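S.K.: Could you look at this predicted model? Sequence included:
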Amino acid sequence: MTFDPAGVSAAAARARAEGTLANNFGRIFQLPPFAEANDRVRAGLLEMGEKGGLLDAKDPLQEGPIRLITNPELSPDNVDNPFQTAGTTFLGQFLDHDMTFDQTSRLGVPTPPETSPNTRTAVFDLDSVYGRGPASDPQFYDPADRDKFRVESGGLFEDLPRTDGATAIIADERNDENLMISGLHAAFLRFHNRVVDRTRAQGVPPALVFATARRTVTWHYQWIILREFLPQIVGQPLIDHVLRFGRQFYRPPGAAYIPVEFQIAYRLGHSMVRPSYRANLAGDDGQPFFGFIFDPAGEGQADPVDLRGFSRARRRFIGWQTFFDFGDGELKRNKLIDAKVSTPLFDLPLPAIPGQTAPTALPQRNLLRHLTWSLPSGQRLARTMGIPTIDTPELATFGIGIENSAPLWYYVLKEAQALGDGRLMTGVGARLVGEVFIGLLQLDPQSFLRVEPNWRPTLPSRRAGDFRMVDLLTFAQVDPSSRGQ
């Protein structure tokens, strides 16, 4: 996608004058940065986020992907989170791709966020799935039935539509970064198509079928965000407090926007990723398919040994009983939210990196992003928000003066570890994530929370008036029972 820098600057100026930020990024707090953006600080952050360093969980990858799951004692820094399923991570990634995409700012180079366009809409409207709709983006839709999405297979079960070169034909290329996120995107394609069938069966006029189905899909999705996902991340008491008493910090004067403080804090999900997963129970010639989330050995393979995306093969589908609780005893858990990151995330494949540029260690990229946005320290934000601070003396090791001025991403992970036992975000991180999530729903003129706050789900579910991910996957017929697995 090509952007016009002059047009971006002009749009940002208009947004500031109007008291909105259009579809750009912005700030909640006007505070000094945690550190100066110079070569010494950049070098210190790269050291902090390097493989084998402070943030590396040092998983014994030589043990292989199966043993790291079946023998958790091998990775003492990747402890199970009893309140989250393995699917929580990838649902969180899917939500991120629905509300934010920065394609223009440069790592470690200070950039005013108001000049950086967000190429996703700053609401939970599934534009990462629907694109601009069947009229403007027909390539995503079934040419024989424009109300429905294209869904292909090529393996045992559904897959994203792809070119002959296996490039996914979807509205957001990031939803093919790994097998779990591509499987989730494909599940949403099937979910929409099944809702279209139901909508037609209810006698909705043909001209209204697509819009009606999309609203049904989107509202059930928003319900899952508010009632299932967000409580697992920040806890129900905070959600109840914000809904009852309002948002204290994220209070846009106009349209919703993505604050850069939130954009960094929400990268908590990188701490939740396990080194390896069981993708399915019987997809690998009748045997389970296990793989590292990323493995350099998979580079260039048509059917990679790891769980990267960008490919199609018979075994490359997701058995959702590993990731969400269908009550069959097959569920696997997330890892705790803490200041340790699984070792495979220090060697990202280039196709999984927007722009395909170094560094390839995800923690290094996250830390350099603080310089891009000139972000305040976690301690400074805590004091500003009236939240007790935590200490980070271990950062003195890097000699750049940040032991009492921690990068926000590291701070919220350490905060969750120290104050929430790694089970939930707490303090600064919880406030930023909770308020922005709820704010995006409240500020969206088409969300159920804005249009019909007492609305309840209408699709079939295990519990009347409720709707969870297992219900969505079951309705989409990608659940274990529908597949006979």
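M.R.: In hand now; what should we look at?
S.K.: Tell me where the stretch 1-150 of the chain is predicted with low confidence.
M.R.: Where the stretch 1-150 of the chain drops to pLDDT under 70, the residues are 1-22.
S.K.: which residues of it fall in helices?
M.R.: Using DSSP state H, counting those that start in this stretch, the helices of the stretch 1-150 of the chain run over 5-18, 39-48, 65-70, 86-99, 127-130.
S.K.: what's in contact with the third one?
M.R.: Under the criterion Cβ atoms under 8 Å, 6 or more residues apart in numbering, residues 59-61, 74-75, 78, 274-278, 290-292, 332 lie in contact with helix 65-70. All C-beta atoms are positioned from the backbone trio N, CA, C, and that covers glycine.
S.K.: Setting aside sequence neighbours, what's the nearest residue to the most centrally placed residue in the chain?
M.R.: Nearest residue to the geometric centre of the chain (Cα atoms, centre = their mean): residue 93, 1.7 Å. Leaving out its chain neighbours, the residue that sits closest to residue 93 by Cβ to Cβ, 6 or more residues apart in numbering is residue 181, at 5.5 Å.
S.K.: Show the contacting residues for residue 348.
M.R.: So residue 348 contacts 294, 360-362 (Cβ under 8 Å, 6+ apart).
S.K.: ok, which pair from these is furthest apart?
M.R.: 294 and 361 (11.4 Å; Cβ to Cβ).
S.K.: quick one, which of those two is more surrounded?
M.R.: residue 294 (28 against 21; other Cβ atoms under 10 Å).
S.K.: From what I see, that one and residue 351 are in contact.
M.R.: No - at 10.4 Å, residue 294 and residue 351 do not qualify as touching, with contact defined as Cβ atoms under 8 Å.
S.K.: hey, what's in contact with both of those two?
M.R.: residue 308.
S.K.: Give me the distance between the residue nearest to the centre of the chain and residue 72.
M.R.: Residue 93 sits 23 Å away from residue 72, going by Cβ to Cβ, to the nearest Å.
S.K.: Residue 172 contacts residue 101, correct?
M.R.: Yes - the criterion here is Cβ under 8 Å, and residue 172 meets it with residue 101 at 6.9 Å.
S.K.: mind checking which helix or strand the residue sitting furthest away from the middle of the chain is in?
M.R.: Distance from the C-alpha centroid of the chain, by Cα atoms, centre = their mean, peaks at residue 203 (36.0 Å). Assessed by DSSP states H and E, residue 203 sits outside every helix and strand.
S.K.: again with the one 10 residues further on
M.R.: Mapping residue 213 onto the secondary structure by DSSP H and E places it in helix 209-224.
S.K.: The helix or strand that that helix is followed by: how far from the chain's middle?
M.R.: Where DSSP H and E defines the elements, the next helix or strand beyond helix 209-224 is helix 230-234. Centroid separation between helix 230-234 and its chain, computed with Cα atoms, centre = their mean, to the nearest Å, is 13 Å.
S.K.: before we move on, what about stretch 181-201?
M.R.: Using Cα atoms, centre = their mean, the offset of stretch 181-201 from its chain centre is 20 Å.
S.K.: Identify each buried residue in that stretch, please.
M.R.: Across stretch 181-201, burial judged by 16 or more other Cβ atoms under 10 Å covers 181-196, 198-199.
S.K.: for stretch 104-124, same thing?
M.R.: Buried residues in stretch 104-124, defined by neighbour count with 16+ other Cβ under 10 Å: 105, 107-108, 111-118, 120-124.
S.K.: would residue 472 count as being in a helix?
M.R.: Yes - counting by DSSP: H, G, I helix; E, B strand; the rest coil, residue 472 is part of a helix.
S.K.: what's the neighbour count on it?
M.R.: So residue 472, with other Cβ under 10 Å, has 28 neighbours.
S.K.: OK, contacts around it?
M.R.: Applying Cβ under 8 Å, 6+ apart, the residues near residue 472 are 187, 191, 220-221, 224.
S.K.: Check residue 443 too.
M.R.: Going by Cβ under 8 Å, 6+ apart, the list of residues near residue 443 reads 123, 252, 255-256, 450.
S.K.: So which bits of the longest strand along the chain are buried?
M.R.: In the chain, with assignment by DSSP state E, the single longest strand is strand 276-284. By neighbour count on 16+ other Cβ under 10 Å, the buried set for strand 276-284 is 276-281, 283-284.
S.K.: what ranges do the strands span in this protein?
M.R.: 25-26, 80-85, 141-142, 145-149, 258-259, 276-284, 287-292, 333-335.
S.K.: Which one of the ones you listed lies nearest to residue 374?
M.R.: With Cβ to Cβ as the criterion, residue 374 lies closest to strand 25-26 of those, at 12.2 Å.
S.K.: Direction included, what does that closest one pair against?
M.R.: strand 258-259 (parallel) (DSSP bridges).
S.K.: Return the distance of the partner strand from the chain's centre.
M.R.: Centroid displacement of strand 258-259 relative to its chain, using Cα atoms, centre = their mean, is 15 Å.
S.K.: what's near enough to touch residue 105?
M.R.: Taking Cβ under 8 Å, 6+ apart, one finds 111, 113, 116, 372-373 in contact with residue 105.
S.K.: repeat for residue 316
M.R.: 155, 159, 179, 279, 283, 289, 303.
S.K.: Residue 90 too?
M.R.: Neighbouring residues of residue 90 by Cβ under 8 Å, 6+ apart: 178, 180-181, 184, 323.
S.K.: how does it look with 10 Å?
M.R.: Contacts for residue 90 were tallied using Cβ atoms under 10 Å, 6 or more residues apart in numbering; they are 178-184, 269, 272-273, 277, 318, 323, 334.
S.K.: Kindly report the same for residue 146.
M.R.: Residue 146 touches 133-135, 138, 209-210, counting by Cβ under 10 Å, 6+ apart.
S.K.: again, only this time at 8 Å
M.R.: Going by Cβ under 8 Å, 6+ apart, residue 146 touches 134, 138, 210.
S.K.: Run a quick neighbour tally on residue 143.
M.R.: For residue 143, the count of nearby residues is 9 (other Cβ under 10 Å).
S.K.: separation between it and residue 116?
M.R.: Residue 143 sits 36 Å away from residue 116, taking Cβ to Cβ as the criterion.
S.K.: excluding its backbone neighbours, what's nearest residue 373?
M.R.: Closest residue to residue 373 apart from its sequence neighbours, by Cβ to Cβ, 6+ apart: residue 260 at 4.0 Å.
S.K.: per-residue pLDDT, that neighbour?
M.R.: Looking at residue 260, its pLDDT is 97.
S.K.: Correct me if wrong: it contacts residue 25.
M.R.: Yes - with contact defined as Cβ under 8 Å, residue 260 reaches residue 25; the gap is 5.5 Å.
S.K.: Which of those two has more residues huddled nearby?
M.R.: Neighbour comparison, residue 260 and residue 25: the larger count goes to residue 260, with 28 against 25 (by other Cβ under 10 Å).
S.K.: That's all I had, so thanks and see you.
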